[in-house]
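>>> Provide a 3D model corresponding to the input given below.
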Amino acid sequence: MIAVPHTLFATDALLPTGWAREVLLQWNDRGQLTSVTPDTTRPSGTPRAAGPLLPGVPNLHSHAFQRAFAGLTEYRGAAQDSFWSWRTQMYRFASAITPQQLEAVATGLYVEMLEAGYTSVCEFHYIHHHADGTPYADDATLSQALLRAAARAGIGLTLLPVLYQTAGFGGLAPSEGQRRFIRSTDNMLALLERLAPLCRAQGARLGLAPHSLRAVPPDSLREAVAGLHALDATAPVHIHIAEQTGEVQACLAWSGQRPVQWLLDHAPVDARWCLVHATHMDADEHARAALTGAIAGLCPTTEANLGDGLFDMQAWRAAGGRWGIGSDSHATVNAAEELLMLEYGQRLTTRQRNLLASADHPSVATAMTLDAVTGGAQASARAISGLAVGQQADWVVLDANDPLLQDLPSAEAMLSAHVFASHRRSAISEVWVAGRPQVRAGRHALHDEALSGLAHARRQLLIDTP
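Numbering: from 1, shown residues only. Now for the predicted structure:
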């Protein structure tokens, strides 16, 4: 029997409207879905998916280099450890990493992401220069390392070079640990112009990440966003905002306003923006931010690891807010784990259960997956919002024969078990990106090589980090 190219048949598939049966997918040579037909018969020669088909989840917030020290900050180094003491450890690794090490770490990480159910990533990239702060001969050296890593792993990419200028509100001078991050606004816009054709050639998306209000003064924020939008009026803008209570207090002392309040009053926030973390908002900030159409970029395992606090999802959803998930510092690299942690955080806060279900989708795992896909796609500014015509052919196939999924009564129950009851990663059979299989039988073709490269880079960093 001759296989039919660019087609796949799924007994069960999670479409943007919900679960469907007997679904035929077709896509073109560009990896774009051209037909999604439920309630049909399988054409002769068309391969059948080994289990339920899910849309690929976008990872909307990543600092790739931080995977190199995951697990190495879990000891008490101060009388009271916090995000701020963790940041000191992070700066040590940021100061030491080389372009070759960054590429090795990112390649290994992106392979891990694919195996864990992510099909694309937004890379919030803020290491730009040599260790002493001087620019590389090619100013795009480290950005290109990330582009190569994404291409080699086969993951979709939204590249977000980070604008970073000050160490705190009011123009505080940068510290020694931040010297690899610093760029002028004009220099950042020149970098974006340099990267634009490189991203287009790879099918990657280019945006901008003003690091935070404490790191980008008001004039620079305004000029950088205007310059980005002159280059590409649809480009995404991501910003860390209101992650820590200390940040909120410092912003109040500087401006008399809370961070999200200040941003909404002074920047053209709209649906192109992703407010990363946005953990500490009051009722007015929730309502106003949701009205802009911006995405809340939530990173539950990192926010828990750093002791940030819990996002008020109930207030955000009540205001009509949209959201997506990211793995941020990569203490955990697992799409289902982020969903589980997000739901469990809300349960612990409210002492209720099944909070992130919806009227249309009473299954929590189904509702959360669909929300994370649509929100993550918007934040990525890429056509990756699910199994629909015109979107990229990105999906995850669950293993219907996995012991913790086997013989469950429905695909919806299998997804629920994948998120809340299985080992989560082990229940993934295949991962496809742009109509090409990147993970088969739970493993990426580069698994051994890429993870060995990550481990080697980490060993060298541990030797070289003071």
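
>>> make sure Q89 is actually in contact with F69.
Yes: the criterion here is Cβ atoms under 8 Å, and Q89 meets it with F69 at 6.9 Å. To be clear about C-beta, it is placed using only N, CA and C from the backbone, and glycine gets the same treatment.

>>> which neighbours do these two have in common?
Any residue near both Q89 and F69 by Cβ atoms under 8 Å, 6 or more residues apart in numbering counts here, and not one turns up.

>>> these two: who's more crowded?
F69 (23 against 16; other Cβ atoms under 10 Å).

>>> please name the residues that touch that one.
The contact partners of F69, by Cβ under 8 Å, 6+ apart, come to Q89, M90, F93, R458, L461.

>>> burial of the second one, as a residue count?
Think M90. 17.

>>> who are the contact partners of it?
By Cβ under 8 Å, 6+ apart, the contact list for M90 reads Q66, F69, T73, S329.

>>> so where does it fall, helix or strand?
helix 83-96 (DSSP states H and E).

>>> and the average pLDDT for stretch 125-132 is what?
Computed over stretch 125-132, the mean pLDDT rounds to 96.

>>> just give the nearest non-adjacent residue to S35, would you?
Excluding its sequence neighbours, the residue lying closest to S35 (Cβ to Cβ, 6 or more residues apart in numbering) is Q26, at 4.1 Å.

>>> may I have the secondary structure class of the one you found?
Secondary structure for Q26, judged by DSSP: H, G, I helix; E, B strand; the rest coil, is strand.

>>> do A357 as well
coil.

>>> ok, so of the contacts of M90, who is nearest W254?
S329 (26.0 Å; Cβ to Cβ).

>>> what comes up buried for stretch 249-264?
Neighbour counts using 16 or more other Cβ atoms under 10 Å place A250, C251, W254, S255, Q257, R258, P259, V260, Q261, W262, L263, L264 of stretch 249-264 among the buried residues.

>>> quick one: buried residues of the helix or strand where L33 lies?
Using DSSP H and E, L33 sits in strand 33-37. Buried residues in strand 33-37, counted by 16+ other Cβ under 10 Å: L33, V36.

>>> ok, back up a step: isn't the residue nearest to S35 up against F9?
No: checked against Cβ under 8 Å, the pair Q26 and F9 is beyond contact range at 10.1 Å.

>>> shared neighbours of the two, anything?
Joint contacts of Q26 and F9 (Cβ under 8 Å, 6+ apart) do not exist.

>>> what sits up against the helix or strand hosting L263?
Following DSSP H and E, one finds L263 within helix 259-266. By Cβ under 8 Å, 6+ apart, the surrounding residues in contact with helix 259-266 are 213, 218, 221-222, 239, 241-242, 247-248, 251, 255, 257, 269, 275, 278, 280-282, 284-285, 288-289, 292.

>>> check stretch 431-449 too.
Contacts of stretch 431-449 (Cβ under 8 Å, 6+ apart): 6, 27-28, 30-32, 56, 107, 111, 114-115, 117, 119-120, 152-156, 203, 392-397, 399, 425-426, 428-430, 450.

>>> starting at the chain centroid, how far to it?
19 Å (Cα atoms, centre = their mean, to the nearest Å).

>>> in that stretch, what counts as buried?
V431, W432, V433, A434, G435, Q438, V439, G442, H444, L446, H447.

>>> now, which of these lie within strands?
With DSSP state E as the criterion, strands contain V431, W432, V433, Q438, V439, H444 from among the buried residues of stretch 431-449.

>>> what would these look like in TSV with distance to T302 and pLDDT?
TSV is the format used below for those (distance: Cβ to Cβ, whole Å; pLDDT from 0 to 100):
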residue	distance to T302	pLDDT
V431	22	98
W432	27	98
V433	24	98
Q438	24	98
V439	23	98
H444	23	98
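
>>> which of those sits closest to P403?
Using Cβ to Cβ, those come closest to P403 at V439, 19.4 Å.

>>> skipping its backbone neighbours, what lies nearest the closest one in space?
V431 (3.8 Å).

>>> just the CA coordinates of stretch 60-79, formatted as PDB?
Output of stretch 60-79 as PDB, limited to C-alpha atoms (Å, rounded to 0.1, in the frame of the first residue of the first chain):
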ATOM      1  CA  LEU A  60       5.800  31.700  25.300                       C
ATOM      2  CA  HIS A  61       8.700  32.500  27.700                       C
ATOM      3  CA  SER A  62      12.200  31.000  27.700                       C
ATOM      4  CA  HIS A  63      15.600  32.000  28.800                       C
ATOM      5  CA  ALA A  64      17.500  29.100  27.200                       C
ATOM      6  CA  PHE A  65      20.800  29.500  29.000                       C
ATOM      7  CA  GLN A  66      19.200  29.100  32.400                       C
ATOM      8  CA  ARG A  67      18.700  25.400  31.700                       C
ATOM      9  CA  ALA A  68      22.400  25.000  32.400                       C
ATOM     10  CA  PHE A  69      22.000  25.700  36.100                       C
ATOM     11  CA  ALA A  70      18.600  24.200  36.800                       C
ATOM     12  CA  GLY A  71      18.700  22.400  40.100                       C
ATOM     13  CA  LEU A  72      21.900  24.200  41.200                       C
ATOM     14  CA  THR A  73      20.300  27.000  43.200                       C
ATOM     15  CA  GLU A  74      18.200  24.800  45.500                       C
ATOM     16  CA  TYR A  75      20.200  25.400  48.700                       C
ATOM     17  CA  ARG A  76      20.100  28.200  51.200                       C
ATOM     18  CA  GLY A  77      22.700  30.800  50.500                       C
ATOM     19  CA  ALA A  78      21.200  33.700  52.500                       C
ATOM     20  CA  ALA A  79      19.200  34.100  55.700                       C
END
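
>>> so how far is it from its chain's centroid?
Worked out by Cα atoms, centre = their mean, stretch 60-79 lies 17 Å from the chain centre.

>>> and that stretch, what's its mean pLDDT?
83.

>>> buried residues of it, list them for me.
Quick answer for stretch 60-79 (16+ other Cβ under 10 Å): L60, H61, S62, H63, A64, F65, Q66, R67, A68, F69, A70, T73.

>>> same thing with stretch 407-423?
Within stretch 407-423, the residues scored as buried using 16+ other Cβ under 10 Å are L408, A411, E412, A413, M414, L415, S416, A417, H418, V419, A421, S422.

>>> contacts for that stretch next, please.
Contacts for stretch 407-423 (Cβ under 8 Å, 6+ apart): 11-12, 14, 19, 51-52, 54, 336, 339-340, 363-366, 368-369, 398, 400, 402, 404-405, 424, 427-428.

>>> put the alpha carbons of that stretch into CSV.
Output in CSV follows, covering the C-alpha atoms of stretch 407-423 (Å, rounded to 0.1, in the frame of the first residue of the first chain):
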residue,chain,number,x,y,z
ASP,A,407,-8.5,1.5,28.0
LEU,A,408,-9.7,4.9,29.3
PRO,A,409,-13.2,5.6,28.0
SER,A,410,-12.4,8.6,25.8
ALA,A,411,-9.7,10.8,24.3
GLU,A,412,-10.7,13.5,26.7
ALA,A,413,-10.1,11.2,29.6
MET,A,414,-6.7,10.3,28.1
LEU,A,415,-5.7,14.0,28.0
SER,A,416,-6.9,14.4,31.5
ALA,A,417,-4.7,11.5,32.6
HIS,A,418,-1.8,12.9,30.7
VAL,A,419,-2.0,16.2,32.6
PHE,A,420,-3.1,15.0,36.0
ALA,A,421,-2.3,11.3,36.4
SER,A,422,0.5,10.0,34.1
HIS,A,423,4.2,10.7,34.1
